[in-house]
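Q: coordinates only, sequence not included:
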Ligand SMILES: [Ca+2]
């Protein structure tokens, strides 16, 4: 368990780093594709959102959200992803919608940093974003060292 500080810029930098973002999204996608058919079903996506904690981020603790409200919420999330109404979400739909969601989170965070407690192996995007920020800071520190 570690604590990371995230603000809107952290998230936005991550989304705009196409290589890192796509790598992260694609690995998330394949881990969510439980039956390995190359697309995410409604059930697979629901499992995804339960594990990604984005619901909690948006709506507060999910254990106070009524069940039927949660169903509607997950349905509306799925409809947001399934742009062509095929009943499944493919990788490009997943990338596009994750980008939108993360940018919305970034807007919500603005310049006020929040602290998040994350497991070291947390698969969430916010953890990826924080890791990317941390690695940038680390390399910046190295580069700013005065030459001996
Ligand atoms: Ca699948």
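A: Cool, the structure landed. From a predicted model like this one, the values you see are computed outputs, not experimental measurements.

Q: pLDDT wise, what is residue 71 at?
A: The model reports residue 71 with a pLDDT of 80.

Q: Helix or strand for it, just tell me which one.
A: Element membership for residue 71, per DSSP states H and E: helix 67-81.

Q: Mind checking if that helix is in reach of the ion?
A: No. Remark: helix 67-81 sits outside contact range of the ion, by Cβ under 5 Å from the ion, the gap being at least 12.7 Å. C-beta: built from backbone N, CA, C; applies to glycine.

Q: The next helix or strand after that helix packs against which elements?
A: Under the assignment DSSP H and E, the closest C-terminal helix or strand after helix 67-81 is helix 91-109. With contacts defined as 3 or more Cβ pairs under 8 Å, 6 or more residues apart in numbering; DSSP states H and E, helix 91-109 has these neighbours: helix 8-16, helix 18-32, helix 54-59, helix 67-81, helix 125-143.

Q: in helix 91-109, what's buried?
A: Within helix 91-109, the residues that count as buried by 16 or more other Cβ atoms under 10 Å are 91, 93, 94, 95, 97, 98, 99, 101, 102, 105, 106, 109.

Q: Include distance to the ion and pLDDT when you put those into a markdown table, please.
A: Formatted as a markdown table, the buried residues of helix 91-109 follow (distance: Cβ to the ion, whole Å; pLDDT from 0 to 100):
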| residue | distance to the ion | pLDDT |
| --- | --- | --- |
| 91 | 11 | 95 |
| 93 | 13 | 96 |
| 94 | 11 | 94 |
| 95 | 16 | 95 |
| 97 | 16 | 91 |
| 98 | 16 | 89 |
| 99 | 21 | 93 |
| 101 | 20 | 86 |
| 102 | 22 | 89 |
| 105 | 25 | 86 |
| 106 | 28 | 90 |
| 109 | 31 | 85 |
